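Peer 1: predicted model follows, preceded by the sequence.
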Amino acid sequence: MLETEWHEGTWFAGRLAQEWLDKGVAANQEEVAALEAELKQKPAQLLIGVRAETVPDRGVLRQIVRFRKRRRAGR
């Protein structure tokens, strides 16, 4: 998951030597809310892409924390 599109569409392929289900981009509040709701329903392991060239802003960091909490709630 990224907050904006990335030129390499399968950036997640082969990371941590496992298959990943691409949930796309969470670029707006509706997409973030939909992903949070899904995480509350079933256990998940998240792979979140963070670009090394720029520091994530506070909003992105808050989203990561919320996703982590929702993922734990789904277990």
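Peer 2: Sure thing, it's come through. Quantities reported herein were computed from a predicted structural model and do not represent experimental measurements. Numbering: from 1, shown residues only.

Peer 1: how about the helices in this protein?
Peer 2: 29-41, 58-73 (DSSP state H).

Peer 1: and the last one, what does it pack against?
Peer 2: What it means is helix 58-73. helix 29-41 (3 or more Cβ pairs under 8 Å, 6 or more residues apart in numbering; DSSP states H and E). (C-beta placed from N, C-alpha, C; glycine too.)

Peer 1: okay, the angle between the helix it packs on and helix 58-73?
Peer 2: 20 degrees (axes from the mean of the first three to the mean of the last three Cα atoms, to 10 degrees).

Peer 1: buried sites along helix 29-41?
Peer 2: Applying a neighbour-count criterion of 16 or more other Cβ atoms under 10 Å, one finds Val32, Leu35, Glu36, Leu39 buried in helix 29-41.

Peer 1: tally of neighbours for Phe67?
Peer 2: Neighbours of Phe67 under the rule other Cβ atoms under 10 Å: 19.
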